[in-house]
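S.K.: Whatever this is, show me its structure:
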Amino acid sequence: MGDDSADRVIGAIRKGLPVLLPTDTVYGLAASAAREEYATRLYRLKGRSRRQPSALLAGDLDTLFESVPELRGRAEVIVRELLPGPYTLVLPNPAARYPWLTGGRAEAIGVRVPELPPAVRRVLAAVGCVLATSANEPGGPNPVSLEDVPDRIRSGAAAELDLGPLPGTPSTVIDFTGAEPRVIRDGAASAVDAIERVRAALPG
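M.R.: Coordinates of the predicted model:
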């Protein structure tokens, strides 16, 4: 994978077009998170209901906190304890930012900061946060390689990065918006360990 592929992905994201992007777990379908119309294109290509939330994916913690500045106090402690890592954290979103990716819960937002290969870090450094979901048919198997991405999704993406096979287990999703954490999906890392780490890190 050369720089040309990364440049094409950066250009497509800047135009608001969906792309195929490897993460730390599976291949994702991603688009700029900046505008609702970009999210609409991605959801249409995936065949996903707008009532289903998707994650806000950032290349580093600073970019995440700039994009969702309300992640302070308890939420900031949780983020700094678990990210970067193979987790999607559902956190309070009091300013209702990025409502086009939060599904039916504008008051909550799912965020990811994975451990990424250099080529993907370069893309995200250039474009900022993206909206990301796995590049599969809704309910279908998670794509370990670009060859696993359904043909209609791959052909509909404006650009792609190929970094070969990925681990294939999606991120662990934990909802921290309530009084007690709620595991939404067991995945690439232990939810139990994550919750224990957070409890140890939070004051009181």
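
S.K.: quick one: contacts for L131?
M.R.: If a contact means Cβ atoms under 8 Å, 6 or more residues apart in numbering, then L131 has 30-33, 38-39, 42, 54-57, 98, 100-101 as its contacts. Heads up, the C-betas are built off the backbone N, CA and C, glycines and all.

S.K.: in a strand, that's where it is, yeah?
M.R.: Yes - membership of L131 in a strand is supported by DSSP: H, G, I helix; E, B strand; the rest coil.

S.K.: What pLDDT is listed against it?
M.R.: For L131, the model assigns a pLDDT of 97.

S.K.: burial measure for T177, as a count.
M.R.: 16 (other Cβ atoms under 10 Å).

S.K.: Identify the residues contacting the closest residue to I13 other than its chain neighbours.
M.R.: Among residues not flanking I13 along the chain, V127 sits closest, at 4.5 Å (Cβ to Cβ, 6 or more residues apart in numbering). Residues near V127 by Cβ under 8 Å, 6+ apart: 10, 13-14, 32.

S.K.: ok, so of the contacts of L131, who is nearest T23?
M.R.: For the contacts of L131, the minimum distance to T23 (Cβ to Cβ) is 7.4 Å, reached by L57.

S.K.: State the phi and psi torsions of that closest one.
M.R.: phi -110, psi 130 (degrees, to the nearest 10).

S.K.: What is the burial count for it?
M.R.: Neighbours of L57 (other Cβ under 10 Å): 27.

S.K.: cool, and R80?
M.R.: R80, neighbours per other Cβ under 10 Å, totals 12.

S.K.: can you confirm it is in a helix?
M.R.: Yes - applying three-state DSSP, one finds R80 inside a helix.

S.K.: can you tell me which residues contact it?
M.R.: 61, 201.
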